[in-house]
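S.K.: Please work out how this folds:
(chains A, B, C and D)
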There are 2 protein chains.
Amino acid sequence: MTKKPRYSRQRDAILEILKNDDGHIEAPEIHRRLRKIHPKLSLATVYRNLAQLESLKKISSIKNDSNINFFEIYREPHHHFVCEKCGGIQNLTYPTINICTSCISPHSNFKINKVATTLHGVCESCNVSQKLLNITKSF
Amino acid sequence: MTKKPRYSRQRDAILEILKNDDGHIEAPEIHRRLRKIHPKLSLATVYRNLAQLESLKKISSIKNDSNINFFEIYREPHHHFVCEKCGGIQNLTYPTINICTSCISPHSNFKINKVATTLHGVCESCNVSQKLLNITKSF
DNA sequence: AGTCTAAATAGTATTGATTCCTACTTAGTT
DNA sequence: AACTAAGTAGGAATCAATACTATTTAGACT
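M.R.: This is a model prediction of the structure:
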């Protein structure tokens, strides 16, 4: 149905960055990294290709609480942890829970494309530095 | 710890709107509705109070795929359905699954504040109108 | 290996929800 | 009644993301 997109060096490089990173990266960070090799790469190109790659299911995206979009290479469904302090995102490595598709069945005319379970809170490193700060304050 | 905020007619009116609506409302829509009674109400005031009410756990918010924030009166934890077409949000009325807190236990230094499960797809009314459109096209 | 064209890009302008800023108003305490 | 810290109105600023436009290029077809 959807035609295979034409090759582009830029898109390839963007995908390569995401393949070789096990974290979640923002578009401007991808842009920054690639500028070292492709000095003329435009940020708009990064955004356009990320959107295209996502619609091709080669990558996936998740937003933190500040609405900033983070990208990762496509992986089997999993959950995310979003830090409210630093805005960072981490994958949670425990079995996915496939609960929703059956539960939604009463709403038979809905079309479900994605089930996302996201935990919001304070990540390990922010939590530790918060504790240290509290100790300091108590003096 | 946190001091009780001073009374404000505006904040009260915002909370009242949300109490009397079982859906999910955007800030500008709340602003629009209240302007009829409070013609001088500022949109910034609406946003500021919504943020405050949320931190007091009196309301909760959820973003659709276009990053638009929707607000509802605080209810027991439940899941949401976000429509990719119209951007609308609906509550899913089936038991919440409390899976995550135990699964996250290996990450003992994390602080978990919220577990959000959100389904993304096409809602009933958008799905129906899509089907009608396809029938029309086939002529 | 040259021509053609739709897709992709670079660079910049624009958008739009949300937040910031500042002078003014007001709840509620003394 | 005066005081003051919290709240407000109105408009400016922010900033991630998208739109726009002239230029470049993948890759198909002679």
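S.K.: worst-scoring helix or strand of chain A, pLDDT-wise?
M.R.: Lowest by mean pLDDT, DSSP states H and E among the helices and strands of chain A is helix A:100-103, with a mean of 49.
S.K.: quick one: is whichever helix or strand comes after that helix near chain B?
M.R.: Once the chain leaves helix A:100-103, the next helix or strand it forms, by DSSP states H and E, is strand A:111-122. Yes - if you take CB under 8 Å from any CB of the partner chain as the test, strand A:111-122 does meet chain B, through A:K111, A:I112, A:N113, A:K114, A:V115, A:A116, A:T117, A:T118, A:L119, A:H120, A:G121, A:V122. For every residue, glycine as well, the C-beta is placed using N, CA and C.
S.K.: just stretch A:60-71 next, same as before
M.R.: Yes - using CB under 8 Å from any CB, stretch A:60-71 comes into contact with chain B via A:K63, A:N67.
S.K.: Just list what the helix or strand harbouring A:H80 packs against, helices and strands only.
M.R.: Assessed by DSSP H and E, A:H80 sits inside strand A:79-83. Where contact means 3 or more CB pairs under 8 Å, 6 or more residues apart in numbering or on different chains; DSSP states H and E, strand A:79-83 is packed against strand A:89-92, strand A:111-122.
S.K.: Please convert those strands to JSON lines, extending it with mean neighbour count and mean pLDDT.
M.R.: What follows is the helices and strands packed on strand A:79-83, written out as JSON lines (neighbours: other CB atoms under 10 Å in any protein chain shown; pLDDT from 0 to 100):
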{"stretch": "strand A:89-92", "mean neighbour count": "18", "mean pLDDT": "87"}
{"stretch": "strand A:111-122", "mean neighbour count": "18", "mean pLDDT": "84"}
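S.K.: now for the ones you listed, which one comes closest to DNA strand D?
M.R.: Nearest to DNA strand D among the helices and strands packed on strand A:79-83 is strand A:89-92 (12.3 Å), distances taken as CB to the nearest atom of the strand.
S.K.: List the strands paired with that closest one, with their directions.
M.R.: Sheet pairing here is set by DSSP bridges, and for strand A:89-92 it gives strand A:79-83 (antiparallel).
S.K.: Just give me the closest of the residues of strand A:111-122 next to chain B to DNA strand C.
M.R.: When those are compared for distance to DNA strand C (CB to the nearest atom of the strand), A:H120 wins out at 15.0 Å.
S.K.: nearest spatial neighbour of that closest one, skipping sequence neighbours?
M.R.: In space, and not counting its chain neighbours, A:H120 is closest to B:K114: 4.1 Å by CB to CB, 6 or more residues apart in numbering or on different chains.
S.K.: wait, the one you found sits on A:L119?
M.R.: Yes - under the criterion of CB atoms under 8 Å, B:K114 makes contact with A:L119 at 7.1 Å.
S.K.: ok now do A:P39, which residues does it touch?
M.R.: With CB atoms under 8 Å, 6 or more residues apart in numbering or on different chains as the criterion, no residue contacts A:P39.
S.K.: Where does it fall, secondary structure wise?
M.R.: A:P39 belongs to no helix or strand when assigned by DSSP H and E.
S.K.: Next, it: phi, psi?
M.R.: phi -60, psi -20 (degrees, to the nearest 10).
S.K.: Count residues in the vicinity of A:P77, would you?
M.R.: When neighbours are defined as other CB atoms under 10 Å in any protein chain shown, A:P77 has 13 of them.
S.K.: what do you get for the one 3 residues further on?
M.R.: Around A:H80 sit 21 other residues, with neighbours defined as other CB under 10 Å.
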